[in-house]
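>>> Whatever this is, show me its structure:
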Amino acid sequence: MPRRPAKSSSRPPAKPRRIAPRSSAANSRLFVYLMVMFLIRADRLRRRVYDKDIDLAVLAETIGVGAIDPRMREPAFRQRFRNIDTVAGVKRQRAVNALSIATTSGIPRETTRRKIKKLVAMQVLTETGRGEYVLTPGYLQSAAQRRLFADLTEEAMRFFNECLDEGLIDLPRRRPAQA
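Next up, the predicted model:
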């Protein structure tokens, strides 16, 4: 007698655990305090890499994210390039222009243009066409960027752990596996 196919479960797949706020209105000042302290520490780290100029950091990061954003929405690309060790190259990035970067970052257009020129001179950015830029391949793999990634990760974990310690967020318990 042929075997019947197994019945498929009509239950939707379990959602991953998510951080949940605890009494956000009652803890709003403490949460914002911890968040702003994280941002101050992160900005100090970013200034260290970009000649003490936070606008350079914002522009480099905005261009880096903007150039890779459409591809990071593709699961296969996201899996392949999820690690800082993997160089994306120029062809895998979408060039962005100064006007779109100025609009996205909130930094005035002329300031953006001037600072982009400095980032090109620093070899952070590569101009791929007239007024179009991508992050220079290999830049994220530099010692300074590796250190920045490690330090920012540490600061982010510090922020999350402080929020957990203060009871500002909660991690839901894992559901037992369904048989």
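>>> how close does the closest residue to residue 163 other than its chain neighbours get to residue 101?
In space, not counting the residues next to it along the chain, residue 163 is nearest to residue 169; the distance is 4.7 Å by CB to CB, 6 or more residues apart in numbering. Heads up, the C-betas are built off the backbone N, CA and C, glycines and all. From residue 169 across to residue 101, the span is 33 Å (CB to CB, to the nearest Å).
>>> Same question for residue 90.
Residue 90 is 17 Å from residue 101, by CB to CB.
>>> same deal with residue 64?
Residue 64 is 11 Å from residue 101, by CB to CB.
>>> Just give the number of residues close to residue 137.
With neighbours defined by other CB atoms under 10 Å, the count for residue 137 comes to 15.
>>> Name the SS class of it, please.
Following DSSP: H, G, I helix; E, B strand; the rest coil, residue 137 is assigned to coil.
>>> correct me, but residue 109 touches residue 102?
Yes. Using CB atoms under 8 Å, residue 109 makes contact with residue 102 at a distance of 4.2 Å.
>>> Looking at those two, which is more packed in?
residue 102 (19 against 12).
>>> The strand or helix carrying that one: how far from the chain's middle?
Using DSSP states H and E, residue 102 sits in helix 98-105. Taking CA atoms, centre = their mean, to the nearest Å, one finds the center of helix 98-105 at 18 Å from the center of the full chain.
>>> Show me what it is packed against.
If you count contacts as 3 or more CB pairs under 8 Å, 6 or more residues apart in numbering; DSSP states H and E, helix 98-105 packs onto helix 54-72, helix 109-121.
>>> Now do the buried residues in it.
Buried residues in helix 98-105, defined by neighbour count with 16 or more other CB atoms under 10 Å: 98, 101, 102, 104, 105.
>>> still on that earlier bit, and the residue nearest to residue 163, bridged to which residues?
Beta-bridge pairing for residue 169 (DSSP bridges): residue 21.
>>> quick one: the most centrally placed residue in the chain from residue 90, how far?
Residue closest to the mean C-alpha point of the chain, counted by CA atoms, centre = their mean, is residue 65 at 7.6 Å. From residue 65 over to residue 90 the distance is 16 Å, taken as CB to CB.
>>> Same check on residue 75?
22 Å.
>>> Among the two, which residue is more densely surrounded?
Per other CB under 10 Å, whichever of residue 75 and residue 90 has more neighbours is residue 90, with 14 against 8.
>>> The more buried one reaches residue 126, doesn't it?
Yes. Taking contacts as CB under 8 Å, residue 90 lies within contact range of residue 126: 6.4 Å.
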